[in-house]
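S.K.: need coordinates for the following:
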Amino acid sequence: MLSTTANAQSISDTALGDWYVNRIIVDRKPLLLLVSSASLLPMLLPGRDVRTLPVRLASLVEVRLTRLSVDVRAISAEKSAMMPVEIWPTSDRSVLGIMVDFAKSVPHYLEAGYWSESTLEFVEDRLAETPCHATRSFEQVIFPKQKARELLTAKWLPNPPLQPTAENRSG
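M.R.: Predicted structure coming up:
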């Protein structure tokens with residue numbers, strides 16, 4: 001699919017972590033399922049132009065985060081931190097398990113013969129609301145849409161200024 005990067009593997013400095021990709025077939029059409037390792041946020045794309053995916057990835061993530069109403073400053077910072085893109089084999093089995101679950105769910109949202117590329121956004125949104133690691137304690141369950149927003153805000157947005165209160169105004 002994609003050849004690996006020749007450089008030594010580096011650790012991602014993005015809020016959403018590494019992006020994992022797998023090719024799936026739905027209704028005899030190839031699709032690419034991408035999942036963020038940190039938030040488990042999914043993206044679903046037509047399975048063409050795979051070789052240009054590393055060049056397009058930051059822009060695709062930007063569009064996805066814009067649809068989630070993420071602050072533009074956080075999107076811009078995340079996009080900048082994503083460069084350069086490196087290709088490596090998948091190393092996180094937990095993310096692989098989530099990808100398998102998502103891949104099995106996708107056909108249930110896409111009725112055979114009655115979907116188009118515009119339907120993929122709907123499926124992304126449904127998958128992003130799916131509880132991940134649901135067998136863990138509630139505090140450890142990840143809701144990808146919510147987790148992505150939390151991670152991006154924590155990493156890229158400064159703390160809001162404190163508002164004056166009645167007790168520190170009188171001092």
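S.K.: need the longest helix for this protein.
M.R.: helix 93-109 (DSSP state H).
S.K.: who are the packing partners of that one?
M.R.: Judged by 3 or more C-beta pairs under 8 Å, 6 or more residues apart in numbering; DSSP states H and E, the packing partners of helix 93-109 are strand 19-26, strand 29-36, helix 120-128. To be clear about C-beta, it is placed using only N, CA and C from the backbone, and glycine gets the same treatment.
S.K.: ok, then the element right after the second one?
M.R.: Sequence-wise, the next helix or strand beyond strand 29-36 is strand 42-46, with elements assigned using DSSP states H and E.
S.K.: the very next helix or strand once past that next one packs against which elements?
M.R.: Per DSSP H and E, the first helix or strand lying C-terminal to strand 42-46 is helix 53-67. In terms of contacts (3+ C-beta pairs under 8 Å, 6+ apart), helix 53-67 is packed against strand 19-26, strand 29-36, strand 42-46, helix 72-81, helix 120-128.
S.K.: swap in 6 Å and give it another go.
M.R.: helix 72-81 (3 or more C-beta pairs under 6 Å, 6 or more residues apart in numbering; DSSP states H and E).
S.K.: in the helix it packs on, what's buried?
M.R.: 74-75, 77-79 (16 or more other C-beta atoms under 10 Å).
S.K.: ok, now stretch 38-49?
M.R.: 38-45, 47.
S.K.: give the buried residues for the longest helix of the chain.
M.R.: 95, 98-99, 102-103, 106, 109.
S.K.: just give me the residue closest to the centre of this structure.
M.R.: For the chain, the residue nearest the mean C-alpha position is residue 41 (3.3 Å; C-alpha atoms, centre = their mean).
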